[in-house]
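1. sequence and predicted structure are below.
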Amino acid sequence: MSAAVLLLAAAVVVFVGEWLAPRQRAWPIFGLLSLLAAGAVLGEWLALPGAAAAAHPHDPLGRFVAWTGLVISALTICAAIGLGGDDRPRGDRTAGLLVMLAGLVLTTAATDVVSLFLAAELVWLPAVLLAGADRERLHRPAQEPGRLAPSFVSTLLLLVGLALLAALGGTIALPGIRAALAVAYTPEAPAQAIGAGSALGKTALVLIVAAAGTRLGLACFEGEGFGPLTQLAAFVVLARVPAAALPGYETHAQLVLGVPALGALVVGGLLSVAQTRMGPTLAAIAVAHAGLVLCGLTAGVWQHAPAPLQSGAVGGLPGGTVAAAAFLAASLLAATGWRTLIEGMRFNGRRIEYAEELAGLVRSSPLPAACALVLLAALAALPPLATFWGLLYVIGAALAVPGTSAFGGSANLFVLLAIAAALALFLAACALARLAAAIVFDPPAGTPQLVGGRWGMAAALIAAAALLAAGLVPGMVLASFK
């Protein structure tokens, strides 16, 4: 039984169980056990002989993304187990997470445009439905129909873009599309081949990037546990198609990916220092992090280019796509750990929204305070945490792209992206420093109640420990791509 089938079956059991006996702790516990079983299935092929492992549908990048989604889902469900009463999410939220994770596993294994579209929608559609359920649980205004329009528009854009891509390559298989385009590519005359892509291919490229980029951005503002899986699925789409499957379109992919990356870095960095509430601040930082991921994917375009144009690495650092995956995984792990920690705390009986409500936490609750400081440092990409190395990898990959005439002057764009990335993360660190200062230096305004119990605290501690361990031994993460 594949991991995706196991997860879908478990989702059906949890959904039916919630309908029969709502808000029982048994459903998130069952969901967590299902994730452990899915992890065992995903890990089986690690022991396969070389030839069998090479034939497995999950390549190293896909395997890394699938495991990242599984770990984040497990931490989210752990936090749900610790909550009680009306604070505990309904079982359909656990079922939705299992469905989304199944879709992510299928997305990482997709080798044609049809399965890629269907698998990505299996992730994105439940995210839209779960957003409404979480707003009701958190007593927030219901989603207006107009707010759902970007999600449905992105679905349409992805469908049309992948259809045009299949028409361009004459096949639905992604390797076949790349092979067909590579035939038209002439390494002997790279200056003629680059920029000579057809209008059909350029249109497909723009539509696919617009669709996946929209999902990547929208997920930054819906951080109730399903946003990370949406971002991972969008990353897979961008890594599979624009960054790897379109030889001869490198300069176009560079612009289509690089310009939004620059915009996200600038907007996210500036907005992060202009916010007073924690939620909008973290959403703005997530936008900046998404821009950094797009920056890595932009550099990854040249990593996958035909041999005469491939960019090397600086000092043994990984290529752009791998660097983007490493940073995205660390960033989402830090955001998930912070969310599980804050969701498990209450101030005067209500959810924590302002930095002042965490004032003096280091004196009233030392362990949660220490965990919070590590997670804030990770969100700011400070050394020696894993996000710092991810930031270094992305900037190194961007600066490794040569600035020859065949690249259309791409070095200028990548230098600009590297500078914008450093400034955006600096502004994010300044915004998060205000929160850290309140935790450490301000006098206590009260003692926050830990309603998440041991499960929620354990999830936050695991996230913080994992970020610290991966930061102290960065080669451990890179080894998973080999």
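-> Arrived safely, thanks for sending. Residues are numbered from 1 along each chain as shown.

2. helix/strand/coil for the closest residue in space to residue 364 that isn't next to it in sequence?
-> Of all residues not flanking residue 364 in the chain, residue 447 sits nearest, at 4.6 Å (C-beta to C-beta, 6 or more residues apart in numbering). Quick note: C-beta positions are derived from backbone N, CA and C, even for glycine. Classification of residue 447 by DSSP: H, G, I helix; E, B strand; the rest coil places it in coil.

3. for residue 447, give me phi and psi.
-> phi -110, psi 110 (degrees, to the nearest 10).

4. again with residue 345
-> phi -130, psi 150.

5. that one - how many residues pack around it?
-> Counted with other C-beta atoms under 10 Å, residues neighbouring residue 345 total 22.

6. pLDDT score for it?
-> pLDDT, residue 345: 81.

7. can you pull up the bridge partners for it?
-> Beta bridges link residue 345 to residue 450, judged by DSSP bridges.

8. I'd say it and residue 450 touch.
-> Yes: here residue 345 reaches residue 450: they are 6.0 Å apart, a contact under C-beta atoms under 8 Å.

9. mutual contacts of these two, please.
-> Common contacts of residue 345 and residue 450 (C-beta atoms under 8 Å, 6 or more residues apart in numbering): residue 368.

10. chain center to stretch 362-369, what's the gap?
-> 29 Å (C-alpha atoms, centre = their mean, to the nearest Å).

11. so which bits of that stretch are buried?
-> Buried residues in stretch 362-369, counted by 16 or more other C-beta atoms under 10 Å: 362, 365, 368-369.

12. again with stretch 266-274
-> Buried, per 16+ other C-beta under 10 Å, within stretch 266-274: 266-269, 271-273.

13. now that stretch: how far from the chain's centre is it?
-> Worked out by C-alpha atoms, centre = their mean, stretch 266-274 lies 19 Å from the chain centre.

14. what's the local residue count around residue 173?
-> Residue 173, neighbours per other C-beta under 10 Å, totals 17.

15. ah, wrong one, I meant residue 221
-> Other residues close to residue 221 by other C-beta under 10 Å number 15.

16. so how far is residue 171 from it?
-> Residue 221 is 37 Å from residue 171, where distance means C-beta to C-beta, to the nearest Å.

17. ditto for residue 30
-> 41 Å.

18. more crowded one of those two?
-> Between residue 30 and residue 171, counted using other C-beta under 10 Å, the more crowded position is residue 30 (20 against 16).

19. check what pLDDT that one gets.
-> Looking at residue 30, its pLDDT is 91.

20. mind listing what it touches?
-> 10, 13-14, 17.

21. quick one: which of those residues is the most crowded by neighbours?
-> In the contacts of residue 30, the most neighbours by other C-beta under 10 Å go to residue 14, 25 neighbours.

22. and the gap between that residue and residue 29?
-> Distance from residue 14 to residue 29, by C-beta to C-beta: 10 Å.

23. average pLDDT across stretch 391-406?
-> 74.

24. before we move on, what about stretch 98-117?
-> The model assigns stretch 98-117 a mean pLDDT of 92.

25. what residues sit buried inside it?
-> 98-110, 112-113, 115-117.

26. how about that stretch as PDB, C-alpha atoms only?
-> Coordinates of each C-alpha in stretch 98-117 appear next as PDB, following Å, rounded to 0.1, in the frame of the first residue of the first chain:
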ATOM      1  CA  LEU A  98      -4.200  13.900   5.900                       C
ATOM      2  CA  VAL A  99      -5.800  14.400   2.500                       C
ATOM      3  CA  MET A 100      -3.500  17.400   1.900                       C
ATOM      4  CA  LEU A 101      -0.500  15.300   2.800                       C
ATOM      5  CA  ALA A 102      -1.600  12.500   0.500                       C
ATOM      6  CA  GLY A 103      -1.800  15.100  -2.300                       C
ATOM      7  CA  LEU A 104       1.600  16.400  -1.500                       C
ATOM      8  CA  VAL A 105       3.100  12.800  -1.600                       C
ATOM      9  CA  LEU A 106       1.400  12.300  -5.000                       C
ATOM     10  CA  THR A 107       2.700  15.700  -6.200                       C
ATOM     11  CA  THR A 108       6.300  14.800  -5.400                       C
ATOM     12  CA  ALA A 109       5.900  11.600  -7.400                       C
ATOM     13  CA  ALA A 110       4.100  13.100 -10.400                       C
ATOM     14  CA  THR A 111       5.900  12.600 -13.700                       C
ATOM     15  CA  ASP A 112       3.200  14.100 -16.100                       C
ATOM     16  CA  VAL A 113       1.200  17.200 -16.200                       C
ATOM     17  CA  VAL A 114      -2.100  15.500 -15.600                       C
ATOM     18  CA  SER A 115      -1.100  13.800 -12.300                       C
ATOM     19  CA  LEU A 116       0.800  17.000 -11.300                       C
ATOM     20  CA  PHE A 117      -2.300  19.100 -11.700                       C
END
